[in-house]
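Participant: following is a predicted model, sequence given first.
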Amino acid sequence: MPTNKTNNFSLFEREREYANPMVAAITSNLVKIRKKDIAASLSDFEGSAHKLEHVKTLNSIDFIDDSRSVNTNSVWFALQNMTKPTVWITNISSVDRITDVLMDTIQEKVKAIVIQGVYNTDVYECFASLGIPVFVEMNLEDAVRQAFYACDNGYAVLFSPGEKSTALETYRERGEKFQEAVGQL
C-alpha cells in the first residue's frame with residue numbers, strides 16, 4: 001500500500017525528535033555561519049567603508065576610495081557608477097584579467113589611468129592602445145599625486161585596484177593609505 005507524503009512527513013518528525021544532539025548543535029552553528037556570511041555580503045554594498053566611498057573634494061575633484069574592488073568585475077561596477085570624467089588608479093598586473101567589457105567601460109568613462117605597482121609592459125600597452133594617457137607609479141602616494149595632476153576641474157579620481165591586497169596589507173589598510181595620500185595633497 002503506497003504511503004502518502006503526510007505519513008512520510010510525520011515519520012520524519014518522529015525520527016527528528018530522537019536525533020543526535022550533536023547534529024542539532026552542528027546545524028545551529030551552520031545557521032550562525034550563514035548569517036555571518038550574509039551580513040558580510042550585505043556590507044559590501046555601495047556606501048560601506050572602502051566601497052565607492054567619497055574621501056574628499058579638492059579643487060572640484062572628487063576622490064573616491066574603492067579599495068574593496070579586488071577583481072575586474074568590481075572595477076567595472078565602480079566605473080559604471082562614476083558620473084564624472086574619471087582618472088583611475090589600478091593595480092591590475094595581468095592583461096589576461098582585463099575583459100572586453102571592462103575595456104569598453106574604460107574607453108567610455110576614463111580620461112587617464114595610473115598603474116600603481118610593479119611595471120607590466122603588457123598591461124601598460126593594453127591601456128595605452130585606447131589612446132588614454134597611462135602613467136606608472138611605484139607607490140600609492142605618487143599614484144594619487146599623479147592622478148590629481150592628470151585631472152581637469154570636475155573630474156574624479158577613483159582608486160579601484162582590481163587586484164587583491166598583498167599578504168602584508170588588507171583592502172582596509174590599502175584604503176586608509178589612499179585616504180592618507182589624498183589628505184597630503
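Facilitator: Looks like it arrived, so ask away. Numbers count the residues shown, from 1 in each chain.

Participant: okay, strands next: where are they in this protein?
Facilitator: Secondary structure of the chain (DSSP state E): strands at 53-58, 61-65, 86-90, 110-116, 134-137, 156-159.

Participant: mind putting the ones you listed into TSV with distance to residue 170, mean neighbour count and mean pLDDT?
Facilitator: Using the backbone N, CA and C atoms, a C-beta is placed for each residue, glycine as well. Listed next are those as TSV, based on distance: least, Cβ to Cβ, whole Å; neighbours: other Cβ atoms under 10 Å; pLDDT from 0 to 100:
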stretch	distance to residue 170	mean neighbour count	mean pLDDT
strand 53-58	15	15	93
strand 61-65	13	23	96
strand 86-90	18	27	97
strand 110-116	17	22	96
strand 134-137	21	18	96
strand 156-159	15	27	97
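
Participant: in the chain, where is pLDDT below threshold?
Facilitator: 1-48, 166-168 (pLDDT under 70).

Participant: so for residue 150, which of the strands of the chain sits nearest?
Facilitator: Set against residue 150 and scored by Cβ to Cβ, the strands of the chain come closest in strand 110-116, at 4.1 Å.

Participant: now the closest one against strand 86-90, angle please.
Facilitator: 20 degrees (axes from the mean of the first three to the mean of the last three Cα atoms, to 10 degrees).

Participant: and strand 110-116, C-alpha only, in PDB?
Facilitator: These are the backbone C-alpha positions of strand 110-116, laid out as PDB (Å, rounded to 0.1, in the frame of the first residue of the first chain):
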ATOM      1  CA  VAL A 110      38.200  57.000 -18.000                       C
ATOM      2  CA  LYS A 111      40.300  60.000 -19.000                       C
ATOM      3  CA  ALA A 112      43.600  58.800 -17.600                       C
ATOM      4  CA  ILE A 113      45.000  55.700 -15.900                       C
ATOM      5  CA  VAL A 114      47.600  55.400 -13.200                       C
ATOM      6  CA  ILE A 115      49.000  51.900 -12.800                       C
ATOM      7  CA  GLN A 116      50.300  51.700  -9.300                       C
END
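
Participant: that strand pairs with which strands?
Facilitator: strand 86-90 (parallel), strand 134-137 (parallel) (DSSP bridges).

Participant: how about those strands in JSON lines, adding distance to residue 111?
Facilitator: Output for these, formatted as JSON lines (distance: least, Cβ to Cβ, whole Å):
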{"stretch": "strand 86-90", "distance to residue 111": "6"}
{"stretch": "strand 134-137", "distance to residue 111": "11"}
